[in-house]
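here you go, sequence then predicted model.
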Amino acid sequence: MSRSSSDVEETVKEPLRYLSKEEAVAMEAELLGEYRYGQQQLMEIWGHACAIAITKAFPLGSLEKRQATVLVICGPGQNGCIGMACARHLRMFDYIPTVYSPKRSTMALHQDFRVQCERTDIAFLSFLPNEVQLINNAYNLVVDAILGLEKEPSSEAEPYGSILSSLRHVSIPIVSVDVPSGWEEEEVNTDRFNPTVLISLMAPKKCAASFSGTHYLVGRLLPYDIQRKYDLNPQEYAGTDCLIELE
């Protein structure tokens, strides 16, 4: 016997909301201001979640090379701090991260995260391995934590221009944090390198609407008032998970 529409109510799920750069910056400013989150606190939360996303996308037992080696490339700003926090947590999860930070940052938190990595026996490179070395030196994957939403430095400035050019030619997987480095935040980016995995923080940015790889969202920490204010149409997270894989 068929059931009438009055017997069954179908829930229509609202589409995922993609943020502009201005909205993302404003949302983070509210977390730091009105909601009294600390900048280091957010970086630590996001770095931990990025490490968990990597363990889901590349479980230890699935990696082809004998050791679970990961090269984490960190820029001089917030994304670089998140990358170093991610590296430290990966080390705790039995991966073997190595960090390449091309320029010493004047950002105090950046220096703090660097010391934390060094005290966790994470090696820092003074140079970026070339494309052949990235593959043959037993790296399983690269984490792009270089630029993100930050305005400075420019993706065209050196050494970042050369780094992004190298990433276009490597065949091992690339994981990008929040916004792939060098991408325009609100445009389709077909002439840039395409990461295998994208980890969006808070909410996906408009450039991610065209992303076709594995996409994780780290948005569960957002207060409900912020979710409503920005019409985020929050996703359902399983159990105590801090992230969700988007379809």
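Noted; the coordinates are in hand.

what about the helices in this protein?
Using DSSP state H, the helices of the chain run over 21-32, 39-57, 78-92, 108-118, 131-136, 160-167, 224-229.

and the ones you listed: which comes nearest residue 206?
Nearest to residue 206 among the helices of the chain is helix 21-32 (8.0 Å), distances taken as C-beta to C-beta. Every C-beta, even on glycine, is put in place using the N, C-alpha and C of the backbone.

specify the beta-bridge partners of the most centrally placed residue in the chain.
In the chain, the residue lying closest to the centroid (C-alpha atoms, centre = their mean) is residue 177, at 1.9 Å. When bridges are called by DSSP bridges, residue 177 pairs up with residue 199.

next one: residue 246
Taking DSSP bridges as the rule, residue 246 bridges to residue 215.

residues touching residue 181, list them.
75, 79, 144, 146, 147, 148, 155, 160, 163, 164, 167 (C-beta atoms under 8 Å, 6 or more residues apart in numbering).

now the residues you listed in CSV, with pLDDT, neighbour count and distance to residue 225?
Shown next, in CSV, are these (pLDDT from 0 to 100; neighbours: other C-beta atoms under 10 Å; distance: C-beta to C-beta, whole Å):
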residue, pLDDT, neighbour count, distance to residue 225
75, 92, 28, 31
79, 94, 26, 26
144, 95, 30, 32
146, 92, 29, 32
147, 85, 28, 30
148, 75, 24, 25
155, 54, 16, 34
160, 81, 21, 37
163, 87, 20, 39
164, 86, 21, 37
167, 86, 24, 38
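
before we move on, back to that, go through the helices of the chain and pick out the most buried.
helix 78-92 (a mean of 25; mean count of other C-beta atoms under 10 Å).

which helices and strands sit right next to it?
Packing partners of helix 78-92 (3 or more C-beta pairs under 8 Å, 6 or more residues apart in numbering; DSSP states H and E): helix 39-57, strand 69-74, strand 96-100, helix 108-118, strand 141-145, strand 174-177.
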